[in-house]
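Trainee: What follows is a predicted structure for the sequence shown.
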Amino acid sequence: MRNGLEACYFHENDKRRFEVYMHNDPQVALIKFRPNFYDLLLTDIYMPRMNGLELYQKIAEIDPNIRVCSISAAEANIEALREVYPNVSFGCFIQKPVTIDKLVKRLLAELD
């Protein structure tokens with residue numbers, strides 16, 4: 001996913017590219033997170049030791065303006081998740097598998 005995102009331009013006439021900081025451990029991502037530095041957090045919902053929604057809640061305490069997209073291969077019952085995580089926005093949810101083209105379009109829409 002990282003390689004695919006970094007290889008894409010934002011738009012055909014725009015030579016900006018995604019700069020991706022990736023961590024396989026959500027606790028490492030939380031430790032390394034810097035407020036007002038990242039444009040968007042893309043997190044899997046189901047991860048070991050801390051799920052993506054818990055990560056989002058902790059990061060939102062550090063940077064309340066962070067935009068987040070959640071991604072998952074599992075079916076997600078957004079209404080049930082809203083009950084458990086009432087302070088989490090579920091505006092951008094991406095179902096795996098996803099092509100890089102579709103992922104880029106969703107992320108750009110979230111960034112606009």
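Mentor: Ah, there it is.
Trainee: so residue 60 makes contact with residue 54?
Mentor: No: here residue 60 does not reach residue 54: they are 10.7 Å apart, not a contact under Cβ atoms under 8 Å. Heads up, the C-betas are built off the backbone N, CA and C, glycines and all.
Trainee: buried set for the helix or strand harbouring residue 79?
Mentor: Secondary structure assignment for residue 79, by DSSP states H and E: helix 78-84. When neighbours are counted by 16 or more other Cβ atoms under 10 Å, the buried residues of helix 78-84 are found to be residue 81.
Trainee: now that helix: mean pLDDT?
Mentor: With pLDDT averaged residue by residue, helix 78-84 scores 76.
Trainee: so after that helix, what's the next helix or strand?
Mentor: Next along the chain after helix 78-84, taking DSSP H and E as the criterion, comes strand 93-95.
Trainee: Mind listing residues that contact the next helix or strand after that following strand?
Mentor: Read in the C-terminal direction, the helix or strand following strand 93-95 is helix 100-111, with elements assigned using DSSP H and E. When contacts are defined by Cβ atoms under 8 Å, 6 or more residues apart in numbering, helix 100-111 is touched by residues 1, 4-5, 7-8, 10-11, 18, 39-40, 42, 67, 69, 91-92, 94, 98.
Trainee: Which PyMOL command selects the buried ones in those residues?
Mentor: One line in PyMOL is enough to select the buried members of the contacts of helix 100-111, burial here meaning 16+ other Cβ under 10 Å:
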select buried, resi 5+18+42+67+69+92+94
